[in-house]
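Participant: let's see this in three dimensions:
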Amino acid sequence: MTFLLGCLLAAGVLLTASPWLFPAKDERTRPTARRSGRLHSALAGAGLAAVPVPVFLALSILAGVFVAALAFALTGVLALGLCGAVLGGLLPVLLVRWRARAKRMAHRALWPDVVDHLVGSVRSGLALPDAVASLSRTGPEMLREEFAGFERDYRSTGSFSGSLDRLKDHLADPVPDRIIETLRMAREVGGADLATVLRSLSAYLRSDHAIRSEVEARQSWIKSAAKLGVAAPWLILLLLSTRPEASVAYNSPGGAVLIAVGAAVSVIAYRIMLALGRLPQERRWFT
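Facilitator: Take a look at the predicted model:
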């Protein structure tokens, strides 16, 4: 009886832990797919949707190897070479995020004009697909290429919903997500108040852009201070490492620990400074 109770207890523990010990195939691949999806969304937001994710990861690895080799060749310090590998591997991701953020900020002031063009087209009696396609000619100059792609896609497939999905993936921005979903709902269930809803959305987007621009201008010094505070010690360390006696000292176990602790402190301090100056960003709820 004791043996039977022990087996039952072991079976119960095994069944309780089985979702974590033996996840289903889709559960094992879901985190990887989620990370790949976020990276693809970042590439699309930066205007690099044509770059495959594996190619981008390979370029990141090559960049890490190149920066590590360069840092080790200049200083001869192994710990700095490892830090250079990490920095070089993250550099393409940081550049993509910076480009996506800059593109989103540049487009933020244009979306109210897009909505106004849509309101005018709807009020003039154009069908929704034609109203969206007309933005390739009458919309803001920076966005005409994206809407020209929508027009070509819609003319070739005839699927308004599918073309909207591909346009949304290409723009990779929460603001056009809301506009596109509003148009989709009006197309599928009817929208007698579509013009009113779009005008309200345009007024909200203009107000949000004005407030964000003012706050970001006032908090820009926080980001500048964070970047200067992180870069200055490492530039001094690189200059010191070019001297032979400093290189020998930093190649010792104590020097490696010092560099590792300094890197951890720099990352933590930089993240805290950015958190203090970051405004909450809208999430893409309609992906």
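
Participant: centre of the chain to stretch 112-131, how far?
Facilitator: Averaged C-alpha coordinates place stretch 112-131 at 30 Å from its chain's average position (CA atoms, centre = their mean, to the nearest Å).

Participant: and Arg166, what is it in contact with?
Facilitator: Contact criterion CB atoms under 8 Å, 6 or more residues apart in numbering gives 149-150, 153 as the residues in contact with Arg166. From N, CA and C alone the C-beta is placed, and that goes for glycine too.

Participant: go again with 6 Å.
Facilitator: Applying CB atoms under 6 Å, 6 or more residues apart in numbering to Arg166 gives the contacts Asp153.

Participant: so which strand or helix has it?
Facilitator: For Arg166, the host element (DSSP states H and E) is helix 160-171.

Participant: buried sites along that helix?
Facilitator: Residues of helix 160-171 classed as buried under the neighbour-count rule (16 or more other CB atoms under 10 Å) are 160, 163-165, 167-168, 170-171.

Participant: and for stretch 242-249?
Facilitator: For stretch 242-249, a neighbour-count test (16+ other CB under 10 Å) marks 246-247 as buried.

Participant: ditto for stretch 229-246
Facilitator: Residues of stretch 229-246 classed as buried: 234, 237, 241, 246 (neighbour count, 16+ other CB under 10 Å).

Participant: kindly report the same for stretch 200-219.
Facilitator: Under the neighbour-count criterion of 16+ other CB under 10 Å, stretch 200-219 has 201-202, 205-206, 209 buried.

Participant: cool, and stretch 173-186?
Facilitator: 173, 175-180, 182-184, 186.

Participant: can you redo the buried residues of helix 160-171 as TSV, where the extra columns are distance to Ser121?
Facilitator: Below are the buried residues of helix 160-171 laid out as TSV (distance: CB to CB, whole Å):
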residue	distance to Ser121
Phe160	15
Ser163	16
Leu164	15
Asp165	21
Leu167	16
Lys168	19
His170	21
Leu171	19
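
Participant: so which of those comes closest to Ala133?
Facilitator: Closest to Ala133 out of the buried residues of helix 160-171 is Ser163 (9.2 Å), distances taken as CB to CB.

Participant: that closest one and Arg155 touch, don't they?
Facilitator: No. No contact is recorded between Ser163 and Arg155 when judged using CB atoms under 6 Å, the distance being 9.1 Å.

Participant: nearest residue to Gly162 other than its sequence neighbours?
Facilitator: Beyond its immediate neighbours in the sequence, the residue positioned closest to Gly162 (CB to CB, 6 or more residues apart in numbering) is Asp153, lying 7.8 Å away.
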